[in-house]
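Trainee: quick one: sequence plus predicted model below, questions after.
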Amino acid sequence: MTLRTQFNDSLKDAMRAKDQRAVSTIRMILAGLKDRDIEARGRGVTDGIDEAGILSMLQGMVKQRTESAAMYEQGGRPELAQQEREEIAVVERYLPRQMSEEEVAAAIDAIVTELGAASIKDMGKVMAELRARHAGQMDFAKAGGLVKARLSGK
């Protein structure tokens, strides 16, 4: 089942269950997806963004809400921080299980070895392969630091 189908089925289920937080969050996901699809049409992609693109969008939503929740906490608005955390919980239903630090390190080592990457110049190739194989399963900002450290011999 594709993520697009899951979103639509989940929206119907949430509406039946009168789960307002899930309804509003899934609608927000669908709106973001529609925006990305329209943007992709400008690049000649007629059938919308792929699953990896959707996972990337969802990860961005989680990151944005995590940052917002922290800011609301600092600003003394715990009710808004709670709302952000509830939205994170809904979005995370659609993300694959996140890899542990050990699994991320092992994936990096495997790709570095497989590609024969030897220096920082190879970082782009390694990151591209990581994104292709593990979309939605890791934080690529953190992974980038690990790849850089691995390739610079630290």
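Mentor: Arrived safely.
Trainee: contacts and neighbour counts: CA atoms only from here.
Mentor: Noted.
Trainee: and residue 137, backbone torsions?
Mentor: The phi and psi values for residue 137, taken as degrees, to the nearest 10, are phi -100, psi -10.
Trainee: nearest residue to it in space, please, no chain neighbours.
Mentor: Distance criterion CA to CA, 6 or more residues apart in numbering; nearest residue to residue 137, sequence neighbours excluded, is residue 98 at 4.5 Å.
Trainee: how about low-confidence regions in the protein?
Mentor: Scanning the chain for pLDDT under 70 picks out the ranges 154.
Trainee: name the helix or strand for the residue nearest the centre of it, please.
Mentor: Central residue of the chain (CA atoms, centre = their mean): residue 59, 2.1 Å from the mean position. For residue 59, the enclosing helix or strand under DSSP states H and E is helix 51-74.
Trainee: packing partners of the helix or strand following that helix?
Mentor: Next in sequence after helix 51-74, counting helices and strands by DSSP H and E, comes helix 78-92. When contacts are defined as 3 or more CA pairs under 8 Å, 6 or more residues apart in numbering; DSSP states H and E, helix 78-92 sits against helix 20-41, helix 51-74.
Trainee: if you set the cut-off to 6 Å instead, what comes out?
Mentor: Here helix 78-92 touches helix 51-74, going by 3 or more CA pairs under 6 Å, 6 or more residues apart in numbering; DSSP states H and E.
Trainee: please consider this matter closed, and thank you.
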